[in-house]
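# Output the structure for:
(one chain, ligands or ions: 1)
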Amino acid sequence: MGFPRQRMRRLRESEPLRRMVRETVLAPSNLIYPLFVKEGTDQQEAILSMPGQFRWSIDRLLKEATDVHMLGVPAVMLFGIPDHKDERGSSGYDPNGIVQRAVRALKDHLPGLFVMTDVCIDEYTSHGHCGIVKDGRILNDETLDCLRLMAKTHAEAGADMVAPSDMMDGRVAAIRDELDQGGFEHVPIMSYAAKYASCLYAPFREAASSSPVFGDRCSYQMDPANAREAVREVQADVEEGADVVMVKPALAYLDIIARTRAEVDVPVAAFQVSGEYSMIKAAAQQGWLDESKVTLETLLSIKRAGADLILTYFAKDAAKFLNAATP
Ligand code: PBG
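This next block holds a predicted model:
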C-alpha cells in the first residue's frame, strides 16, 4: 500500500498530533552540568574559548549550582583546577583538595543536588597526562593507585557518583574495589567507557590548563576510526562493575552511542564536549545559527541515538529553553 493511500504527511499536519507521535522527548532531567572549580573567593573567571562558561571559586559555584538545580537539572559534574600540580597529581587525591571541598560545600548547601566528580589526574599533573609518566611512557597499573585514592576521597567528601575519565585499563575494577573496601558500596561508577582521542577537547584543556606538555593522548584514548573497539571497551567496563557507561564526544560519535545502547543494558551517557559547545557558540555569535534551536536539536539527536544522560555545558540554557517551550 503506497502513495496515494499512504501519506506520511498526515501525521505531520498539526502541532498536537506531532507532539502525540513524537518518539524522543528531551527533558532537563536528562542533563548533567559540568562545572570548573578553582581556589579563592568571589571568583568567576571567564573561559575565553568557552563563552558563557567560567572557573568558579567554591562560594560562587554554590550559586551557579543552585540556579541550574532550580531549573530542573538534577546533577552537576565537577572538574578541579588546583593551585598546585606535580608528577603524580597528588592535589587530586588530597582529602582537602579543591574538588573534595567543593563536594562538601555543595552537599551541605544543596543536599538535593546529585554531585558527580571526574576522576582523572590530568588536571593535577605537571605533565598534563592522565597517567603516571616514566621515561616518556604512560604507566597503567601505577596510575590505578592514584585513581583509587581520588575516587575514595571524593566519596568520603560526599560525592554521589564518581566518573573515571582516564582510560587506563582496569580502573573501574580498581575503583569499585577501593569504594567497597571503604564502605562506599552504594556509590555508583559512571565510566568514560568509549572515550576518543578527540581534538574537540581543546577548549576544556585551555579551561583546565591540562594539555599534555609532551606527546598526545593516543596511547590511552581511542582512535576515532574504531567502532568495534568501543564495544569491547564498554563491555569490559560493565564487567568490571560500571553502573553507567559513557561515550565521548557525542555528536561526531552518534553511531557509537547507538551501538553501545544496543550492546548493553546499563544506562548510557554521552558527553557533548567543550569543542562541541564552542562550535555552536561561535556560529551563534556570528549570527549564522540560532543558538537555542541548534542546542536543542543536537541534544535531542544525542538522546535519539540512545543516550539516557547527557553531559553538556548547555545544561542551564537548555533547561531554560525547554521549560519555556513546555506547553
Ligand atoms: C580528563 C577529561 C577531559 C575531558 C573530560 N575529562 C580532557 C581530556 O581528556 O583531555 C574533556 C571534556 C570536554 O572537552 O568538555 N580529565
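
# hey, let's count contacts and neighbours off CA atoms from now on
OK.

# residues from the stretch 151-300 of the chain in reach of the ligand?
Proximity of the stretch 151-300 of the chain to the ligand, by CA under 6 Å from any ligand atom, involves residues 165, 201, 204, 273-274.

# can I get the CA coordinates of the helix or strand V37 falls within in PDB?
Following DSSP states H and E, one finds V37 within strand 31-38. Provided in PDB are the C-alpha atoms of strand 31-38 (Å, rounded to 0.1, in the frame of the first residue of the first chain):
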ATOM      1  CA  LEU A  31      21.100  16.700  31.700                       C
ATOM      2  CA  ILE A  32      24.200  16.900  33.800                       C
ATOM      3  CA  TYR A  33      26.000  20.300  34.100                       C
ATOM      4  CA  PRO A  34      29.900  20.200  34.100                       C
ATOM      5  CA  LEU A  35      31.400  22.900  36.300                       C
ATOM      6  CA  PHE A  36      35.000  24.000  36.800                       C
ATOM      7  CA  VAL A  37      36.000  24.900  40.400                       C
ATOM      8  CA  LYS A  38      39.100  26.800  41.500                       C
END
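
# what does it contact?
Applying CA atoms under 8 Å, 6 or more residues apart in numbering, the contact partners of strand 31-38 are 54-58, 61, 68, 73-83, 98-99, 102, 208, 309-316.

# From the residues you listed, list the buried ones, please.
Among those, those classed as buried by 16 or more other CA atoms under 10 Å are 54-58, 61, 68, 73-82, 98-99, 102, 208, 309-316.

# In strands, which of those residues appear?
Counting by DSSP state E, the part of the buried ones among the contacts of strand 31-38 found in strands is 54-57, 75-81, 309-312.

# can you count the residues close to the residue of the stretch 1-150 of the chain found nearest the ligand?
Residue of the stretch 1-150 of the chain nearest the ligand, by CA to the nearest ligand atom: C120 (4.8 Å). Neighbours of C120 under the rule other CA atoms under 10 Å: 28.

# tell me the SS of the closest residue to it other than its chain neighbours?
For C120, ignoring the flanking residues on the chain, the nearest one in space by CA to CA, 6 or more residues apart in numbering is D166 at 5.2 Å. Classification of D166 by DSSP: H, G, I helix; E, B strand; the rest coil places it in coil.

# Distance-wise, check D166 relative to G52.
According to CA to CA, to the nearest Å, D166 and G52 sit 26 Å apart.

# For the residue nearest to V133 when sequence neighbours are not counted, give the beta-bridge partners.
Nearest residue to V133 in three dimensions, chain neighbours excluded: L139, at 6.0 Å (CA to CA, 6+ apart). Using DSSP bridges, the bridge partners assigned to L139 are I132.

# Spit out the contact partners of L139.
Residues near L139 by CA under 8 Å, 6+ apart: 131-133.

# pLDDT at it, what is it?
Per-residue confidence (pLDDT) for L139: 97.

# Let me know the distance separating it from F214.
Taking CA to CA, one finds L139 at 15 Å from F214.

# Same question for A325.
47 Å.

# ok, now R19?
52 Å.

# Show the contacting residues for the residue of the stretch 1-150 of the chain closest to the ligand.
By CA under 8 Å, 6+ apart, C120 lies in contact with 130, 147, 150, 164-166.

# what about 6 Å?
By CA atoms under 6 Å, 6 or more residues apart in numbering, C120 lies in contact with 164-166.

# follow-up on the earlier one: does any part of the strand holding V37 sit near the ligand?
No - under the criterion of CA under 6 Å from any ligand atom, the ligand is not reached by strand 31-38; the shortest gap measures 8.0 Å.

# Do me a favour and average the pLDDT over the next helix or strand after that strand.
Using DSSP H and E, the next helix or strand after strand 31-38 towards the C-terminus is strand 44-46. For strand 44-46, mean pLDDT is 98.

# mind listing the strands for this protein?
31-38, 44-46, 54-57, 75-81, 114-119, 132-134, 137-139, 161-164, 190-195, 244-248, 268-272, 309-312.

# do you know which of these lies nearest V238?
strand 244-248 (7.5 Å; CA to CA).
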